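*Asks:* Just to be clear, the model below is a prediction. Sequence and coordinates:
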Amino acid sequence: MLNNSSKMMFLSILIMGTFVSISANSWLSTWMGLEINLLAFIPLMKDDKLMSTESSLKYFLIQTLASLMFLFSIILLLLNPNNINSNFFAEMMIFSSLLLKSGSAPFHFWFPSVMEGLSWMNTLILMTWQKIAPLMLISYMINMPLIIMSIIFSSLIGALGGLNQTSLRKLMTYSSINHLGWMLTAMYSNNTLWMIYFLFYVFLSFSLIFLFNMYKISQINQLFSLFFYSKILKFFFCFNLLSLGGLPPFLGFFPKWQVIQMLSMNNQLFLLIFMLMMSLITLFFYLRISYSSFMLNYYEINWLNYNIFKTKNMMIFMIISFISSFGLFLISSLYLLF
């Protein structure tokens, strides 16, 4: 992507659009930033992948619908600043349009099909950077009934939607929807907490997508043959997968730990139990992939295969995986100290 000068230009405009949105002091400036961000991402989506044109068109239409809803509700707010009923309706519309832009349930319907047609680098941008502006704007104006509804639906759909998937892109999509539920939960209690959760989520998503992009993998069955000759690579991949699911010994558990602590302190036990149950379902399909890749394909005798360390990309992946697997011990020690 970065070898192409036009793509570098669009990437810089995309970043600028997000910064315009989150730093704007009026709703109209925010809308302008979102539009700049959208129009810069559309050219980036077009690549050699067969379905990229279809995905970019779907993304454009859905995001345009959300932008129109957003603009309409802003105008409604400006026309009737003192009318409580119209203000409530406008706030609900703003909130719904931002949920639609971020891909949160129950407005998630476009997200899996768009992700399926993109390259891995574009899916990473869509799963991480494209969520910053909508989530930041949601945190500015939290609507309690809608956010609770979105948390419950995101956790439920993110867990159940990934159960019968064979495509890794769709698996990452439903994982993203489930994590959005946790981010929204963190958001309505503590603004800093959802940002910390988001940073951990970006790191863990990058660690997996880096591997998928390096080996050009898109289906689960490709994973079994990929790690046929290297047990270490298999171990680190499974550690990253379970870390993204939030299994306790790994780094991915740390942000969930913070959210669990916050929910228990606020006595929101129903929401806490529900979200933990949904997280266990996501862990089930991650463990199923790990179990299959370990038990069904076994070839090599030696544990160490030094050929995998010869490329620079593999060294980067190993460093990232080591942090993902064992970073919880360091971070929890620092957390207790400071």
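*Replies:* Thanks, I have the structure now.
*Asks:* Below-threshold pLDDT in this structure: ranges please.
*Replies:* Applying pLDDT under 70 to the chain flags residues 1-3, 48, 83-86, 227-229, 295-311, 335-338.
*Asks:* Would you agree Ala159 is in contact with Ser279?
*Replies:* Yes: counting by CB atoms under 8 Å, Ser279 is a contact partner of Ala159 at 7.3 Å. Bear in mind the C-beta positions are built from the backbone N, C-alpha and C, glycine included.
*Asks:* and the closest residue to Leu208 other than its chain neighbours, how many neighbours?
*Replies:* Closest residue to Leu208 apart from its sequence neighbours, by CB to CB, 6 or more residues apart in numbering: Asn240 at 5.3 Å. Asn240 has 26 neighbours, counted by other CB atoms under 10 Å.
*Asks:* I'd guessed Ser176 sits against Leu204; true?
*Replies:* No: distance between Ser176 and Leu204: 10.9 Å, which falls outside the contact criterion (CB under 8 Å).
*Asks:* hang on, the earlier thing: any residues in contact with both of Ala159 and Ser279?
*Replies:* Jointly contacting Ala159 and Ser279 under the rule CB atoms under 8 Å, 6 or more residues apart in numbering are Asn178.
*Asks:* distance of Asn80 from Ile142?
*Replies:* 22 Å (CB to CB, to the nearest Å).
*Asks:* try Asn178
*Replies:* 20 Å.
*Asks:* The two - which one has more neighbours?
*Replies:* Asn178 (27 against 14).
*Asks:* where do the helices sit along the stretch 1-150 of the chain?
*Replies:* 5-23, 27-45, 52-79, 84-102, 111-116, 120-127, 129-140, 144-160 (DSSP state H, counting those that start in this stretch).
*Asks:* what's the closest non-adjacent residue to Leu184?
*Replies:* Closest to Leu184 by CB to CB, 6+ apart is Ile151, at 4.9 Å.
*Asks:* and if you look at Pro249?
*Replies:* Leu328 (6.6 Å).
*Asks:* Hmm, that neighbour is touching Lys256, no?
*Replies:* No: using CB under 8 Å, Leu328 is not in contact with Lys256, being 10.8 Å away.
*Asks:* What is the burial count for Asn268?
*Replies:* Wrong residue type there; residue 268 is Gln, not Asn. By the measure other CB under 10 Å, the count of residues near Gln268 is 16.
*Asks:* Then Trp31?
*Replies:* Neighbour count for Trp31, taken as other CB under 10 Å: 18.
*Asks:* quick one: contacts for it?
*Replies:* The contact partners of Trp31, by CB under 8 Å, 6+ apart, come to 67, 70-71, 74.
*Asks:* Which one (most neighbours) among the residues you listed?
*Replies:* Phe70 (25 neighbours).
*Asks:* check contacts around that one.
*Replies:* Phe70 neighbours (CB under 8 Å, 6+ apart): 31, 34, 93-94, 97-98, 101.
*Asks:* how far away is it from Leu137?
*Replies:* 9 Å.
*Asks:* joint contacts of the two?
*Replies:* Residues within reach of Phe70 and of Leu137 at once, by CB under 8 Å, 6+ apart, are Leu98.
*Asks:* Now Ser167. Its backbone dihedrals?
*Replies:* The phi/psi pair for Ser167 (degrees, to the nearest 10) reads phi -90, psi 130.
*Asks:* what's the burial count for it?
*Replies:* Residues near Ser167, counting by other CB under 10 Å, number 14.
*Asks:* That one reaches Glu116, doesn't it?
*Replies:* Yes: using CB under 8 Å, Ser167 is in contact with Glu116, at 6.4 Å.
*Asks:* My read is that Met275 contacts Ser155, right?
*Replies:* Yes: with contact defined as CB under 8 Å, Met275 reaches Ser155; the gap is 5.2 Å.
*Asks:* When these two are compared, which one has more neighbours?
*Replies:* Neighbour totals were compared for Met275 and Ser155, and Ser155 leads with 28 against 25 (other CB under 10 Å).
*Asks:* which residues touch the more buried one?
*Replies:* By CB under 8 Å, 6+ apart, the residues touching Ser155 are 178, 181-182, 274-275, 278-279.
*Asks:* change it to 7 Å
*Replies:* Listed by CB atoms under 7 Å, 6 or more residues apart in numbering, the contact set of Ser155 reads 178, 181, 274-275, 278.
*Asks:* Please list all residues in contact with Leu11.
*Replies:* Here Leu11 is in contact with Leu44 (CB under 7 Å, 6+ apart).
*Asks:* And it, how far from Leu78?
*Replies:* 33 Å.
*Asks:* Return the distance of the residue nearest to Leu184 relative to Lys46.
*Replies:* Taking CB to CB, one finds Ile151 at 34 Å from Lys46.
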